[in-house]
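K.L.:
no sequence for this one, just the structure:
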């Protein structure tokens, strides 16, 4: 093989190898921060991976909020899509707009069917609901699930 061709081939193969390594490092780094959006029905059905970050959107079920200890911030509540409920455990300050019957997005990991939340996001006005959560609630209502008046009001 001609020395110039060999040098060119080595440069091209080195470039491809370097680009492949860079792409693999970037994909690995991003895989650690990706959180998959799931509906409460999917979590209740077991459609999640252990130690996988998930985002769950839905409504805080009326009457489900509990502060576990007066001396700590630890709270529990249920997030529902009107078909299934998922228990959420949170140990930080809740947003000011958080309340029962309102839509939320919870990010965290599912451990034994309970979401250990690292972040809770409340809707920012009366008319807003995350598009994914609204779609899940609409699908649940079309499927025959019924929500009480506060849920119907939150989805309008």
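P.N.:
Right, received. Where do you want to start? Predicted model only: the values in this text are computed from it and were never measured.

K.L.:
Where does pLDDT dip in this structure?
P.N.:
Along the chain, segments meeting pLDDT under 70 span 32, 124-130, 132-133, 137, 140-141, 143-156.

K.L.:
ranges for the helices of this protein?
P.N.:
3-31, 40-44, 131-142, 149-154 (DSSP state H).

K.L.:
Check the offset of the shortest one from the chain's centre.
P.N.:
This points to helix 40-44. Put simply, helix 40-44 sits 11 Å off its chain's centre (C-alpha atoms, centre = their mean, to the nearest Å).

K.L.:
so what secondary structure elements neighbour that helix?
P.N.:
When contacts are defined as 3 or more C-beta pairs under 8 Å, 6 or more residues apart in numbering; DSSP states H and E, helix 40-44 packs onto strand 53-60, strand 85-90, helix 131-142. C-beta here means a position set from N, CA and C on the backbone, and glycine is covered the same way.

K.L.:
Please name the strands paired to the second one in the sheet, noting orientation.
P.N.:
In other words, strand 85-90. Counting by DSSP bridges, the strands paired with strand 85-90 are strand 75-80 (antiparallel), strand 114-122 (parallel).
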